[in-house]
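Engineer: I need the structure of the sequence given here:
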Amino acid sequence: MTIGWDLRLLQAVLNNAGVGLMVQDRQRRILALNPAFEEITGWSWKEVAGRECVEVFGCHTSSGKCIINKFCPGVRVIEGEVPKVSRELIINKGNGEKRWVEVTVSAIKGDEGRVEYIVSILRDISEKKKYSEELLRVKTLATLGQLASELAHEIKNPLNSIQIQMLLLEREISQHKALPQEHIRELVNRVREEIVRLNDLTNSCLKFSSSGSLSLRYEALGPILEELVALITPQASLSGVRVELEVEEDLPPVMADREKIRQALLNMVLNALEAMPDGGVLCLKAQRKEKGVKLVVKDTGYGIPEDVRDRVFELFYTTKKGGTGIGLPLAQNIVQAHGGYISFSTSEGGTEFVITLPLEKQDGA
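Structural biologist: Below is the predicted model:
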């Protein structure tokens, strides 16, 4: 429904809106804002009129990095990359404090379809972030407790084995002046194997502990999948597995850590190859899904047994001989750090893992 607007009505709407409103030109100079915007930011109209927003608010992420023009939501709208975009970020208030806000930027176009102005809607999400951070801290402590318990259990077994082998070696040395070289070699090899196992376990734990630390930039997912296909095809061919790749055209880039996403996908791909010892088909897909992108790793193996399906993402749980139980939990940790999630479906005809990533990664997600 269209209504007739007059200046007094428009002024009343701006003054009484429950969200902050700001209007800028193509140079991002501030042309107008409402009282709610002043209250949220702590900046008055007289202090910011005509100034560029970047010199006023110093928008940055939770890591403290300033948001450069390439990733600025306002610039993206002005340059026509997107008609509307939302982002959670931290601004500098007028009194020097920091504040979490959610900003949604929309375009105002001229008669020729060119973006002439942008309108930003600002919401204070500091309390929401505080709650989210507390919840994340509780979850992190719970995970660390589980990690410490499981790690202690996993380390204890090889240490006991090393102790037993060394006691046997000590006893043999004390009882015999001349020991068969083969017997000594066997005992030493057992100790060496347990030490290697401990080293592998600690390296896996180090990878897991750093999996949530991201270096984000806009990444095209198609080339990442193409690199993986080139990497695994020789091994897959030797196992009788045909690798297929399907990347949807015009797939939008996502905010991601390239190496971490590649690691998550590689872990899932290696699992898929191991599930097809007699050969089969491995299919990798990248598709658009509503406000995100979907990555699919599908195999034609024997499927995941029903009694272990609830434990596939459980840290240190494995059914493989010599496995660490880190691969899938590591992949899940990486994807969740990106604000995404992993799901899977399985049957006797194979298993399909799906990674869903948002187009815009939300800081603190």
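Engineer: what stretches of the stretch 101-250 of the chain score poorly on pLDDT?
Structural biologist: 131-154, 156-157, 159, 169-170, 172-181, 183-185, 187, 199-214 (pLDDT under 70).
Engineer: residue boundaries of the helices in it?
Structural biologist: Ranges of helices within the stretch 101-250 of the chain are 126-175, 181-209, 221-238, based on DSSP state H, counting those that start in this stretch.
Engineer: burial count for D6?
Structural biologist: 8 (other CB atoms under 10 Å). Placement of C-beta: from N, CA and C, glycine included.
Engineer: For L21, which residues count as its bridge partners?
Structural biologist: I121 (DSSP bridges).
Engineer: Was I right to think C72 contacts F57?
Structural biologist: No - in this structure C72 lies outside contact range of F57 using CB atoms under 8 Å: 10.9 Å.
Engineer: Quick one: list the elements packing against the longest strand seen in the chain.
Structural biologist: When the chain is parsed with DSSP state E, its longest strand is strand 98-109. For strand 98-109, the elements it packs on are helix 35-41, helix 73-78, strand 84-92, strand 115-124, helix 126-175, judged by 3 or more CB pairs under 8 Å, 6 or more residues apart in numbering; DSSP states H and E.
Engineer: Report the buried residues of that strand.
Structural biologist: R99, W100, V101, E102, V103, V105, S106, A107 (16 or more other CB atoms under 10 Å).
Engineer: any idea which of these is closest to D299?
Structural biologist: Nearest to D299 among the buried residues of strand 98-109 is E102, at 39.8 Å by CB to CB.
Engineer: For the closest one, give its distance to L122.
Structural biologist: The gap separating E102 from L122 is 7 Å, by CB to CB, to the nearest Å.
Engineer: Any idea how many residues pack against L168?
Structural biologist: L168, neighbours per other CB under 10 Å, totals 14.
Engineer: For the residue nearest to L225 when sequence neighbours are not counted, what is the enclosing helix or strand?
Structural biologist: Ranked by CB to CB, 6 or more residues apart in numbering and with sequence neighbours excluded, the top spatial neighbour of L225 is L284, at 5.2 Å. In this assignment (DSSP states H and E), L284 forms part of strand 280-289.
Engineer: buried stuff in that strand?
Structural biologist: G280, V281, L282, C283, L284, K285, A286.
Engineer: residues contacting F344?
Structural biologist: I304, V312, T351, E352, F353, V354 (CB atoms under 8 Å, 6 or more residues apart in numbering).
Engineer: The fifth one contacts V335, doesn't it?
Structural biologist: No - using CB under 8 Å, F353 is not in contact with V335; the gap is 10.3 Å.
Engineer: Quick check: neighbours shared by those two?
Structural biologist: I342.
Engineer: tell me the domain ranges of the chain?
Structural biologist: 7-124, 130-209, 217-358 (automatic domain parsing).
Engineer: tell me the least confident of the buried residues of strand 280-289?
Structural biologist: Minimum pLDDT for those is recorded at G280 (85).
Engineer: and the gap between K46 and P252?
Structural biologist: Distance from K46 to P252, by CB to CB: 41 Å.
Engineer: What helix or strand is I355 located in?
Structural biologist: strand 350-358.
Engineer: Name the residues that touch that strand?
Structural biologist: By CB under 8 Å, 6+ apart, the list of residues contacting strand 350-358 reads 221, 254-256, 261, 264-265, 268, 272, 275, 280, 289, 291-304, 331, 335, 338-346.
Engineer: Now the buried members of these.
Structural biologist: Buried, going by 16+ other CB under 10 Å: 221, 254-256, 261, 264-265, 268, 272, 275, 280, 292-304, 331, 335, 338-340, 342, 344, 346, out of these.
Engineer: Give me the subset of these lying in helices.
Structural biologist: Using DSSP state H, the members of those that fall in helices are L221, I261, A264, L265, M268, A272, A331, V335.
Engineer: As JSON lines, those with distance to V247 would be great.
Structural biologist: Formatted as JSON lines, those follow (distance: CB to CB, whole Å):
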{"residue": "L221", "distance to V247": "8"}
{"residue": "I261", "distance to V247": "14"}
{"residue": "A264", "distance to V247": "17"}
{"residue": "L265", "distance to V247": "13"}
{"residue": "M268", "distance to V247": "17"}
{"residue": "A272", "distance to V247": "18"}
{"residue": "A331", "distance to V247": "20"}
{"residue": "V335", "distance to V247": "19"}
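Engineer: Out of those residues, which comes closest to E246?
Structural biologist: Among those, and counting by CB to CB, the member closest to E246 is L221, at 12.1 Å.
Engineer: CA atoms only: put stretch 75-91 into CSV for me.
Structural biologist: Backbone C-alpha positions of stretch 75-91 (Å, rounded to 0.1, in the frame of the first residue of the first chain) are rendered in CSV as follows:
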residue,chain,number,x,y,z
VAL,A,75,31.2,-0.3,-0.4
ARG,A,76,29.8,-3.6,-1.7
VAL,A,77,26.4,-2.0,-2.1
ILE,A,78,27.7,1.2,-3.6
GLU,A,79,29.7,-0.7,-6.2
GLY,A,80,26.6,-2.8,-7.1
GLU,A,81,28.1,-6.1,-5.9
VAL,A,82,24.9,-6.7,-3.8
PRO,A,83,21.7,-4.7,-3.4
LYS,A,84,21.5,-5.3,0.3
VAL,A,85,23.9,-6.8,2.9
SER,A,86,24.0,-7.4,6.6
ARG,A,87,27.1,-7.6,8.8
GLU,A,88,27.9,-7.9,12.5
LEU,A,89,30.9,-5.7,13.5
ILE,A,90,32.4,-3.6,16.2
ILE,A,91,32.4,0.3,16.1
